[in-house]
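K.L.:
let's see this in three dimensions:
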Amino acid sequence: MKKGKIFKNVAIFLIAGLVIASHAYAARIKDIAGIGGVRDNQLVGYGLVVGLAGTGDDIENGFTKETLANMLSRQGLGMKEAARKDLDSDNVASVMINAELPPFAKVGSKIDVTVSSIGDADSLRGGTLLMTPLKGADGRVYAVAQGAVSIGGFSAGGRGAKASKNHPTVGRITNGAFVERELKYNFENRKSFSINLYRPDFTTATGVAAAINGAIAGVEAKLVDSSVF
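P.N.:
So this is what the prediction gives:
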């Protein structure tokens, strides 16, 4: 059997839940370890939340006004310099959007996003995030986010008092982003890969290596240190 096929079979065994056992306990390898390089990847983007009930940014802050003007221009509305100066709306807030792209996420699948105000907005309650590309550390777009923002707090007040709970300037959009680019994991053409324990321990690592060696003929799992083999 070719080495590439052998290591592919090892990955299948790990994902399926190969069990290591001793006199004290038994555990699935996928519950205590992960394949090296297979992990979540962080995404980030900058956008606008609109539709706020007067709780948005002071439009006089430069980046919110400029972003709003650019957005309107992309929608076909000619924004002359005078028109840019006349923009005045407290129903808009500049926000940063972050999300985690899980491994093996496919194009078209959905992920959750977190929306955080970066201006002087009082609350994002009732707002809608406009379409925003989310980029990875390599600068490439991996997802696009849009949707109604849900928050877990509130802010209210009058002339004499003001009350707030939790963080009304941070919200979440469940399944708010579509994955547009997949992460590639070329296991079939790799001759070897590493398995990393979530909690380093020589005894556990030795047991896992022994379980792999005993379960799959022709495969040798070597202990590198207390967390990698």
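K.L.:
how about the nearest residue to the residue nearest the centre of the chain, chain neighbours excluded?
P.N.:
Nearest to the geometric centre of the chain sits Glu100, at 1.0 Å (CA atoms, centre = their mean). Of all residues not flanking Glu100 in the chain, Asp40 sits nearest, at 4.4 Å (CB to CB, 6 or more residues apart in numbering). The C-beta positions use only the backbone N, C-alpha and C, and glycine is treated the same way.
K.L.:
cool, Val49 as well?
P.N.:
Gly127 (3.9 Å).
K.L.:
what pLDDT does that neighbour get?
P.N.:
In this prediction, Gly127 carries a pLDDT score of 93.
K.L.:
check contacts around it.
P.N.:
49-52, 56, 93, 148-149, 171 (CB atoms under 8 Å, 6 or more residues apart in numbering).
K.L.:
now with 10 Å?
P.N.:
Gly127 sits next to 48-53, 55-56, 91-93, 95, 115, 117, 121, 148-151, 171 when contact means CB atoms under 10 Å, 6 or more residues apart in numbering.
K.L.:
re earlier: return the set of buried residues in whichever helix or strand the residue nearest to the centre of the chain is part of.
P.N.:
Assigned by DSSP states H and E, Glu100 belongs to strand 93-101. Across strand 93-101, burial judged by 16 or more other CB atoms under 10 Å covers 93-95, 97, 99, 101.
K.L.:
over to stretch 116-133?
P.N.:
117, 119, 121-127, 129-130, 132-133.
K.L.:
tell me the one of the residues you listed nearest Ile35?
P.N.:
Checking the buried residues of stretch 116-133 against Ile35 by CB to CB gives Pro133 as the nearest, at 28.8 Å.
K.L.:
wait, isn't that closest one in contact with Tyr46?
P.N.:
Yes. Between Pro133 and Tyr46 there is a contact under CB atoms under 10 Å: 9.3 Å.
K.L.:
which residues do these two both contact?
P.N.:
Ile97.
K.L.:
secondary structure class of Thr64, three-state.
P.N.:
helix (DSSP: H, G, I helix; E, B strand; the rest coil).
K.L.:
thought it was touching Ser94?
P.N.:
Yes. The criterion here is CB under 10 Å, and Thr64 meets it with Ser94 at 4.6 Å.
K.L.:
now the strands for the protein?
P.N.:
19-21, 26-28, 33-35, 41-50, 93-101, 110-117, 128-135, 141-148, 150-151, 154-157, 162-165, 170-179, 195-197 (DSSP state E).
K.L.:
which one of these has the lowest average pLDDT?
P.N.:
Checking each of the strands of the chain, the one with the poorest mean pLDDT is strand 19-21, at a mean of 48.
K.L.:
quick one: the closest residue to Ala121 other than its chain neighbours from Glu188, how far?
P.N.:
In space, and not counting its chain neighbours, Ala121 is closest to Ala93: 3.9 Å by CB to CB, 6+ apart. Taking CB to CB, to the nearest Å as the measure, Ala93 falls 46 Å from Glu188.
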